[in-house]
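Novice: Pasting the sequence and the predicted model now:
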2 protein chains.
Amino acid sequence: MTISSRFAVAVHILTLLETGRGEPLTSEYMAGSVNTNASVVRRILSLLARAGLTRARMGAGGGTVLARAASEITLRDVYCAVECEGQLFALHHEKPNPRCPVGRNIQAVLERATTAAQGALERELGERTLADVLAEVVAEGRESPAPAR
Amino acid sequence: MTISSRFAVAVHILTLLETGRGEPLTSEYMAGSVNTNASVVRRILSLLARAGLTRARMGAGGGTVLARAASEITLRDVYCAVECEGQLFALHHEKPNPRCPVGRNIQAVLERATTAAQGALERELGERTLADVLAEVVAEGRESPAPAR
DNA sequence: TGATGTGTTACCGTTATAGTAACACTAAGC
DNA sequence: GCTTAGTGTTACTATAACGGTAACACATCA
């Protein structure tokens, strides 16, 4: 299976906030860029706020801003904020047969292996910050500019 | 979301085959250790065979054997065999707004980042072979032996 | 020829997800 | 104070993936 698109949307949202340079952006506006519903954006913003990555101001003129500098937020932070479950790999649905030597011990071994793999993934995500992402977005924009209209 | 338990079951199955030392094991037998239905095992065996990791002999007295030495099969091979879709991370469901500078370019940037992360995960899985897994299972068994009955 | 076992298909219930709408609550500005 | 513009949260729906289950055609051995 795949990691939900929440991660992609979260990075998208945070990048937008970064371009906002401190002015709060509304979920409605961001939904326009992500091309989805404002509620979906707010649902993800709720996770990001809970993780301390964003801060919202309620009421008229309100919106959301980054809670820390973009260079201090890694993609790992984002990943952990929106894919909360902790374990990337599922083990067996039913406990394996304890009377089989393999069944009795395989899960402990699998747990070590999958934890290591997940750690490698998170380490890699930790190498990239939101600032890097925005820089790449800008660079990408220079190579393939807006379509003429 | 999480990676399906197919991976865990596949590693379990292959470890069983490894202990079989060349004699074919039946899906019924393996299902007993995994604690699931024989059809589930056969479904996964089908993926493993397609990836060239196992070979089956049909008919009475048949069953499945490893197609190569356990030391020549890494967890990455297993992962790629059963999680075929290729892309671990989902991107946006709907294409982002092309009239937004971020929306227009974020997917290319995300694709690079997620591909790197998935690569790190697969690299880590590639460090461990089925032979390692069996060795760890055996070692684990020495530390927590079978429950007295 | 019968027994055993694979490979595949179909179906079902469960779960996660994303989209959508609704509503209580909050804050700003006139 | 009232209105307007937002957030935060909940509920509902449709869709898709998954695992469990059963069934059946086909292959092979004795």
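Specialist: Everything's here; your move.

Novice: pLDDT value on the residue lying closest to A:Glu72 once chain neighbours are set aside, please?
Specialist: Spatially, and ignoring its direct neighbours in sequence, A:Glu72 is nearest to A:Thr129 (7.2 Å; C-beta to C-beta, 6 or more residues apart in numbering or on different chains). C-beta: built from backbone N, CA, C; applies to glycine. Per-residue pLDDT puts A:Thr129 at 98.

Novice: Look up the residues forming beta bridges with A:Thr129.
Specialist: A:Thr74 (DSSP bridges).

Novice: quick one: it from A:Glu122, how far?
Specialist: 14 Å (C-beta to C-beta, to the nearest Å).

Novice: Also A:Ser46?
Specialist: For A:Ser46, the distance to A:Glu122 equals 22 Å [C-beta to C-beta].

Novice: okay, stretch A:132-149 in CSV with CA atoms only?
Specialist: Extracted in CSV, the C-alpha atoms of stretch A:132-149 (Å, rounded to 0.1, in the frame of the first residue of the first chain):
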residue,chain,number,x,y,z
ASP,A,132,15.1,23.4,0.6
VAL,A,133,11.7,22.5,-0.8
LEU,A,134,10.8,26.0,-1.6
ALA,A,135,14.2,26.6,-3.2
GLU,A,136,13.6,23.6,-5.4
VAL,A,137,10.1,24.8,-6.3
VAL,A,138,11.4,28.1,-7.4
ALA,A,139,14.2,26.5,-9.4
GLU,A,140,11.7,24.2,-11.0
GLY,A,141,9.6,27.2,-11.9
ARG,A,142,12.5,28.8,-13.7
GLU,A,143,13.0,25.7,-15.8
SER,A,144,9.4,25.3,-16.7
PRO,A,145,7.7,28.7,-16.5
ALA,A,146,4.0,29.4,-16.3
PRO,A,147,2.1,28.4,-19.4
ALA,A,148,1.4,31.4,-21.6
ARG,A,149,-2.2,32.4,-21.4
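
Novice: In that stretch, which residues are buried?
Specialist: Across stretch A:132-149, burial judged by 16 or more other C-beta atoms under 10 Å in any protein chain shown covers A:Asp132, A:Val133, A:Leu134, A:Glu136, A:Val137, A:Glu140.

Novice: Now, the residues you listed that are in helices?
Specialist: Using DSSP state H, the members of the buried residues of stretch A:132-149 that fall within helices are A:Asp132, A:Val133, A:Leu134, A:Glu136, A:Val137, A:Glu140.
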